[in-house]
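A.B. asks: this one's sequence-less:
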């Protein structure tokens, strides 16, 4: 259900305890020479919409919050960014509007990796402001489907990071008019350390602050030329299915009943 299409009286009549508010959060930033600036926003909206359609819980999807934390992309024309403090404050204030109207569960569906840490602060702010009576959660949509990514991908580690095989495929499936495959490039740096790499499945023990231009002249990290609409549809279907299952489960959560005491 699209939250913004409801009228005020319709919102008032909703079962707030059983509803989940999903806020897609993304960015407007460069995605190489072949994908639109809107890529993260298109894909976050698509996953949220598809997940809501598949879920059995009452899921309300808001318009995407498209202004992300993209300072590391600002060397590339077209990219837009908020400072982290502005991002956290703005989304915290939006979240508390839903709290005021009686909603108990919020999920910030993230479509831009560098939004995740500040979104965790937003979720923490909601918990602290409501003494835990309202739950707020966040997560990158691709983190729900690591096994599916391994099954679908053709590229090795490093091929799915930014504007690579994953996002190019997903955009070919969801918004092919915003893809220029004749301009697609592959850029997969050969890292000289085992402690840093870039990929949707990468596990990095240390975070290294960087700008994209430090490592990529094109703005791409990955195997963009391996993108296909078929793989994109599989990835979007898998992500939306897993998130729908999460939302159905999440609809019944409260902090006090989310666990049982184990023995020992």
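C.D. replies: On my side now, so go ahead. Computed from a prediction, not measured in an experiment: that's the story for all the values here. Numbering: from 1, shown residues only.
A.B. asks: mind listing the helices for the stretch 1-150 of the chain?
C.D. replies: 8-13, 39-54, 84-100, 116-130, 146-152 (DSSP state H, counting those that start in this stretch).
A.B. asks: Which of the residues in the second one are classified as buried?
C.D. replies: Along helix 39-54, these residues count as buried under the neighbour rule (16 or more other C-beta atoms under 10 Å): 39-52, 54. (C-beta placed from N, C-alpha, C; glycine too.)
A.B. asks: Also the last one?
C.D. replies: Neighbour counts using 16+ other C-beta under 10 Å place 148, 149, 152 of helix 146-152 among the buried residues.
A.B. asks: need the contact list for the last one.
C.D. replies: With contacts defined as C-beta atoms under 8 Å, 6 or more residues apart in numbering, residue 152 is in contact with 231, 234, 235, 238.
A.B. asks: Nearest to residue 102 among the residues you listed?
C.D. replies: Comparing these against residue 102 with C-beta to C-beta places residue 238 closest, at 33.1 Å.
A.B. asks: Tell me how many other residues crowd that closest one.
C.D. replies: For residue 238, the count of nearby residues is 20 (other C-beta atoms under 10 Å).
A.B. asks: so what does whichever strand or helix holds it touch, helix or strand wise?
C.D. replies: Taking DSSP states H and E as the criterion, residue 238 maps to helix 229-250. Secondary-structure packing of helix 229-250 (3 or more C-beta pairs under 8 Å, 6 or more residues apart in numbering; DSSP states H and E): strand 19-25, helix 39-54, strand 105-110, helix 146-152, helix 165-174.
A.B. asks: try 6 Å this time
C.D. replies: helix 39-54, helix 146-152, helix 165-174 (3 or more C-beta pairs under 6 Å, 6 or more residues apart in numbering; DSSP states H and E).
A.B. asks: List the buried residues for it?
C.D. replies: Neighbour counts over helix 229-250 (16+ other C-beta under 10 Å) mark 229, 231-232, 234-244, 246-248, 250 as buried.
A.B. asks: And for stretch 59-75?
C.D. replies: 59-62, 64-70, 72-74.
A.B. asks: Columns distance to residue 95 on top of those residues, output as TSV?
C.D. replies: Shown next, in TSV, are the buried residues of stretch 59-75 (distance: C-beta to C-beta, whole Å):
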residue	distance to residue 95
59	16
60	14
61	15
62	11
64	15
65	11
66	17
67	15
68	16
69	17
70	21
72	25
73	25
74	27
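A.B. asks: Might you list the low-confidence residue ranges for this protein?
C.D. replies: 263-264 (pLDDT under 70).
A.B. asks: that older thread, now the helix holding residue 238 and strand 105-110, what's the angle there?
C.D. replies: Here the directions of helix 229-250 and strand 105-110 differ by 160 degrees (axes from the mean of the first three to the mean of the last three C-alpha atoms, to 10 degrees).
A.B. asks: Show the contacting residues for residue 79.
C.D. replies: Residue 79 is in contact with 29, 30, 70, 73, counting by C-beta atoms under 6 Å, 6 or more residues apart in numbering.
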